[in-house]
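> Sequence and predicted structure are below.
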Amino acid sequence: MDDTDLQRELERLHAASFGWALSCCRQRKEEAEDVLHIAYVKVLEGRARFEGRSSFRTWFFGVIRRTTLEQNHRRWLRETLLRRWFAGQPRPSSGLAEPVETSAASTLLRGVLSQLPERQRQVLHLVFYQELTVEEAAGILGVSVGTARTHFDRGKRRLRQLLAIEEVVSVRRS
């Protein structure tokens, strides 16, 4: 894939890539923007190369996921070192950004999704929001297809339970 094709594919996938970065960064907009920027730089500078073993989208979502993990590790290390250095000092604020959507339904869904284990939440996001197959999600997350299917099924089941509980609570409030 030459540089022009690469840039064209990245542009085409930008909205979906940002949605996946937001999911990986637990809806922290500024962090997702940083992760996506770093992922783009990795690809455009050739530090991450598409070798055609999967779809471009699946491969690039994997780059975003690995970049998020690297950034989380760097942040954890920095915070740990700072805590040791400034023993007893309060931690800096997390700087959480406002969520992208603010409708009541999206707020409710985000709240319920946040109660799921991370892997279930990631698989559901890739399948429902990014319209990938469970197999593609498994590739992005670096797990077997069977593991991804298990997380997908358990996540859907738990999501239904949590939404049913929320519905009962909202009916009682009315």
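Perfect, thanks for sending it. Numbering: from 1, shown residues only.

> hey, let's count contacts and neighbours off CA atoms from now on
Noted.

> Point me to the residue sitting closest to the centre of the protein.
C24 (2.0 Å; CA atoms, centre = their mean).

> which residues does it contact?
C24 makes contacts with 32, 65, 68, 122, as judged by CA atoms under 8 Å, 6 or more residues apart in numbering.

> what's downstream of the helix or strand bottoming out on mean pLDDT in the chain, the next helix or strand?
Between all helices and strands in the chain, the lowest mean by mean pLDDT, DSSP states H and E belongs to helix 104-113, at a mean of 77. Using DSSP states H and E, the helix or strand that follows helix 104-113 in sequence is helix 118-124.

> Which residues does that following helix contact?
The contact list for helix 118-124 (CA under 8 Å, 6+ apart) reads 23-24, 113-114, 134, 137-138, 148, 151-152, 154-156.

> Now tabulate those in a markdown table and tack on secondary structure.
Below are these laid out as a markdown table (DSSP: H, G, I helix; E, B strand; the rest coil):
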| residue | secondary structure |
| --- | --- |
| S23 | helix |
| C24 | helix |
| L113 | helix |
| S114 | coil |
| V134 | helix |
| A137 | helix |
| A138 | helix |
| A148 | helix |
| H151 | helix |
| F152 | helix |
| R154 | helix |
| G155 | helix |
| K156 | helix |
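
> Quick check on those: which are buried?
Neighbour counting by 16 or more other CA atoms under 10 Å classes 23-24, 113, 134, 137-138, 148, 151-152, 154-156 among the contacts of helix 118-124 as buried.

> ok, back up a step: can you tell me which of the contacts of C24 comes closest to M1?
R65 (21.8 Å; CA to CA).

> Tell me how far that closest one lies from K42.
13 Å (CA to CA, to the nearest Å).

> Between these two, which has more neighbouring residues?
R65 (23 against 16; other CA atoms under 10 Å).

> In contact with the more buried one, which residues?
Counted by CA under 8 Å, 6+ apart, R65 has contacts 21, 24, 140-141.
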